[in-house]
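J.: okay, sequence plus prediction incoming.
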Amino acid sequence: MLKIYFSEEDILRTRVAPGADPVWELVLSLHLLQGRSRDPLMANWRRSVAQGLRQESASERLRLLFALNPPRGYFPDFLTPYQSVTGFEAGLDAVRSTPVPLLQRDLALLAGGTSLPGGASALARGEPESLRQLTGAMEQYRSLAINPYWARIQAAVEADRTRRARALLDDGVEGLLASLRPAMRWESGMLEVRDYPDSRELHLDGRGLLLVPSFFCARTPVALLDPALPPVLVYPVDRLGGLEPGGAGSTAGREALAALLGRTRAAVLEASDDGCTTGEMARRLRISPAAASQHATVLRNAGLLVSQRDRNTVLHTLTPLGRAMLDA
């Protein structure tokens with residue numbers, strides 16, 4: 001179990017990442033790809049990525065990247081730098097700039113539980129070419145396993161952010177932290193992460209906490225091992241039906257889009273711009289809750305909305321495609 005202790009200052013400095021973190025998603029997808037999970041929502045993604053990897057001519061370059069990210073247990077903190085919150089390139093720059101003592105410490109910890117290929121020695125010495133090869137492998141893997149699905153990943157994370165924003169507006173930061181149940185429990189200045197693989201305590205000491213919603217995070221949230229690093233907690237979001245490349249561009253999506261003609265559904269799309277529950281939608285548009293739910297279902301099947309249930313309410317938010325149609 002992980003126990004995270006907050007002061008009043010920490011509560012004020014707690015925030016949610018501005019979107020899907022591309023480096024965290026990359027690293028956690030490597031764990032998922034190599035693990036034993038048979039989540040049916042991810043089966044097509046796993047098959048497609050595995051097939052693509054078999055066809056990659058530079059697969060040897062990926063060997064070290066996979067070795068650094070075993071499916072279970074520890075993985076190096078330096079692979080997920082805080083700077084990645086501002087984008088993928090910023091994250092890669094931070095990886096390439098990792099101080100040698102941190103590389104040596106992280107790789108020594110990893111080597112205690114898994115065997116590493118020969119290239120890890122050059123990486124531990126901080127050789128620039130080794131670091132460039134590592135980030136090159138990250139770019140190569142991302143183009144295959146992440147980029148084709150990025151719109152769907154972003155949509156799932158944005159839907160979760162909308163849900164957390166409503167909790168924050170209704171009940172403040174403590175309401176935001178309480179909304180992370182059932183995987184986590186907030187009580188009396190402590191956030192308790194259940195089913196965490198180790199027994200740990202993390203004292204924020206006035207630094208606050210960055211909450212990072214993640215598509216590829218498994219059931220258990222993830223925190224960095226080094227307590228001296230900026231505190232980050234990565235937690236799983238609803239995967240909204242899994243991954244298909246290109247989002248709603250499939251035949252089924254195009255057929256569903258053809259059913260969107262009409263003022264009411266356009267109004268439903270507009271009402272969902274900032275997040276809207278079924279009841280709120282019905283009141284705004286002066287239609288019945290059943291009609292609002294039916295229209296939202298059509299829009300969701302077309303890939304324009306995502307819907308998340310939270311106790312007795314269903315929150316609808318726009319996907320990137322839905323927002324593009326609204327702004328067109």
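T.: Noted; the coordinates are in hand.

J.: and the next helix or strand past the helix or strand bottoming out on mean pLDDT in the chain?
T.: Lowest on mean pLDDT, DSSP states H and E among the helices and strands of the chain sits helix 251-257, with a mean of 49. Later in the chain than helix 251-257, the nearest helix or strand by DSSP states H and E is helix 263-271.

J.: what is that next one packed up against?
T.: Judged by 3 or more C-beta pairs under 8 Å, 6 or more residues apart in numbering; DSSP states H and E, helix 263-271 is in contact with helix 278-285, helix 289-301, helix 320-327. From N, CA and C alone the C-beta is placed, and that goes for glycine too.

J.: and the ones you listed: which comes nearest residue 129?
T.: Closest to residue 129 of the helices and strands packed on helix 263-271, according to C-beta to C-beta: helix 320-327, at 37.2 Å.

J.: geometric centre of this protein: which residue is closest?
T.: residue 214 (1.5 Å; C-alpha atoms, centre = their mean).

J.: check contacts around the residue lying closest to it once chain neighbours are set aside.
T.: Distances taken as C-beta to C-beta, 6 or more residues apart in numbering put residue 234 closest to residue 214, at 4.9 Å, once the chain neighbours are dropped. With contact set as C-beta atoms under 8 Å, 6 or more residues apart in numbering, residue 234 has these partners: 21, 24, 28, 212, 213, 214, 217, 221, 222, 223.

J.: what is residue 234 paired to in the beta sheet?
T.: As for beta bridges, residue 234 partners with residue 212, residue 222 under DSSP bridges.

J.: quick check: the gap between it and residue 133.
T.: 26 Å (C-beta to C-beta, to the nearest Å).

J.: remind me which residues of the protein are low pLDDT?
T.: 57-58, 240-242, 244-261, 327-328 (pLDDT under 70).

J.: mind running it again at 50?
T.: For the chain, applying pLDDT under 50 flags the ranges 247-251, 253-254, 257-258.

J.: how about the helices of it, start to end?
T.: All helices of the chain, identified by DSSP state H, fall at 8-12, 22-34, 43-55, 59-67, 88-96, 100-111, 119-124, 128-145, 150-178, 251-257, 263-271, 278-285, 289-301, 320-327.
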